[in-house]
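Asker: Pasting a predicted model and its sequence here:
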Amino acid sequence: DAGVTQSPTHLIKTRGQQVTLRCSPISGHKSVSWYQQVLGQGPQFIFQYYEKEERGRGNFPDRFSARQFPNYSSELNVNALLLGDSALYLCASSSGRGNTGELFFGEGSRLTVL
Amino acid sequence: GQQVMQIPQYQHVQEGEDFTTYCNSSTTLSNIQWYKQRPGGHPVFLIQLVKSGEVKKQKRLTFQFGEAKKNSSLHITATQTTDVGTYFCAGNFNKFYFGSGTKLNVKP
């Protein structure tokens, strides 16, 4: 079975642009979470979606938004990019609501903002 | 906001030496998970601890959850070069919040 897949794997944007990152969870997993990992730090929680509804939001500005589709795939959008948004964006899926159980991470989308 | 503190930030050991990383929270956790991230890779789940005082072992790895469910540790006995990577704890405050990680380097 395929694991969590994310696209694109790498991308370069300039300040002020917008970006959309995509995630396909493991088949059967209904919960998707997004994390931002800056180099040398731990993953920081951005959003969690379960059954297409937002179940949690981390301490990120409104420039960050996400949604989950009926097939449980998800998109993370970031508007008005800043240099500080440069990071590895990780998507994780889990079989439950996300409060318990193993998080399965994708390989991530590495965003560079110039 | 919710925070999970993890120490040390870095650990360099000689192959065969032991290694321990510690995780602390100011509030009680529902459960705690541990992940390993190899250089250039993504976090991979190692274990979840749920009960107060729980101890779990995976070969050379020993995981402990404190009695108050506010702290946890990961101990590796007789490190090997394959243990190289960053170890993260993730505390559950209704959502998982990751510590800053301990980067382990093992010299052969």
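Answerer: Received, thanks.
Asker: Helix or strand with the lowest mean pLDDT in chain A?
Answerer: Ranked by mean pLDDT, DSSP states H and E, the weakest helix or strand in chain A is strand A:53-57, scoring a mean of 91.
Asker: what separates the next helix or strand after that one from the chain centre, distance-wise?
Answerer: Counting by DSSP states H and E, the next helix or strand C-terminal to strand A:53-57 is strand A:64-68. Mean-position distance between strand A:64-68 and its chain equals 8 Å (C-alpha atoms, centre = their mean, to the nearest Å).
Asker: does the residue of chain A at minimum distance from chain B sit in a helix, a strand or a coil?
Answerer: In chain A, the residue that lies nearest chain B is A:G42 (3.7 Å; C-beta to the nearest C-beta). All C-beta spots, glycine's among them, are computed from the backbone N, C-alpha and C. Under DSSP: H, G, I helix; E, B strand; the rest coil, A:G42 falls in the coil class.
Asker: what are the pairing partners of the helix or strand bottoming out on mean pLDDT in chain B, and which direction each?
Answerer: Every helix and strand of chain B was ranked by mean pLDDT, DSSP H and E. The lowest is strand B:96-98, at a mean of 90. Strand B:96-98 has the following strand partners under DSSP bridges: strand B:85-92 (antiparallel).
Asker: all strands of chain A, in order?
Answerer: A:5-7, A:10-13, A:19-24, A:31-37, A:44-50, A:53-57, A:64-68, A:74-78, A:87-94, A:104-105, A:109-113 (DSSP state E).
Asker: do you know which of those lies nearest B:L49?
Answerer: Set against B:L49 and scored by C-beta to C-beta, the strands of chain A come closest in strand A:87-94, at 16.7 Å.
Asker: can you pull the contacts of B:T28?
Answerer: By C-beta atoms under 8 Å, 6 or more residues apart in numbering or on different chains, the contact list for B:T28 reads B:68-70.
Asker: Now render these as CSV, adding pLDDT, distance to A:G28 and secondary structure.
Answerer: Output for those, formatted as CSV (pLDDT from 0 to 100; distance: C-beta to C-beta, whole Å; DSSP: H, G, I helix; E, B strand; the rest coil):
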residue, pLDDT, distance to A:G28, secondary structure
B:A68, 95, 36, coil
B:K69, 95, 30, coil
B:K70, 95, 34, coil
